[in-house]
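1. Attaching a predicted model along with its sequence, questions to come.
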Amino acid sequence: MPKPLTERAKQRLRLLAGLLRTRGQKFDMPRDQFYDEIQAAEAALPKERQSELKSLVDWLEDYERAELASEPSEPKRRALKAKPLPQS
């Protein structure tokens, strides 16, 4: 029985699937077969293309990580509007 995928591995396979879809590849399978099918689709590619896609997935993963790190930890609060001063 194959070893279960980590959450990181699943995320990387979802990124890979997105890249493959941009090249016109279609994935039509039951949800429980998704990760196996993506791995099979990658294995069927030439080694050079696999390497190229791995580099792109690495870049996307790093980009997402940096984007999450740059988000503020608390939501920004709107500044209160100043009340107009009473006129004399």
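-> Yep, it's here.
2. In this protein, which helix is the longest?
-> Longest helix in the chain, counting residues (DSSP state H): helix 47-70.
3. now that one, how far from the centre of its chain.
-> 9 Å (Cα atoms, centre = their mean, to the nearest Å).
4. What lies in contact with the helix or strand that contains residue 34?
-> Assigned by DSSP states H and E, residue 34 belongs to helix 34-43. Identification of contacts with helix 34-43 by Cβ atoms under 8 Å, 6 or more residues apart in numbering yields 5, 9, 10, 13, 16, 17, 20, 25, 27, 29, 50, 53. Every C-beta, even on glycine, is put in place using the N, C-alpha and C of the backbone.
5. Surely the fifth one touches residue 57?
-> Which is residue 16. Yes. Assessed by Cβ atoms under 8 Å, residue 16 is found in contact with residue 57 at 5.4 Å.
6. And the pLDDT at the closest residue in space to residue 25 that isn't next to it in sequence?
-> Distances taken as Cβ to Cβ, 6 or more residues apart in numbering put residue 41 closest to residue 25, at 6.5 Å, once the chain neighbours are dropped. With respect to pLDDT, residue 41 scores 95.
7. what about residue 5, neighbour count?
-> A count of neighbours around residue 5, defined by other Cβ atoms under 10 Å, yields 14.
8. Please, which helix or strand holds it?
-> In this assignment (DSSP H and E), residue 5 forms part of neither any helix nor any strand.
9. Let me see the contact set for residue 12.
-> 57, 61.
10. redo that, cut-off 10 Å
-> 5, 6, 38, 54, 57, 58, 60, 61 (Cβ atoms under 10 Å, 6 or more residues apart in numbering).
11. how much space between the residue nearest the centre of the chain and residue 72?
-> With distances taken as Cα atoms, centre = their mean, residue 15 lies nearest the centre of the chain, 5.1 Å away. Per Cβ to Cβ, to the nearest Å, residue 15 is found 25 Å from residue 72.
12. And residue 59, by the same measure?
-> 24 Å.
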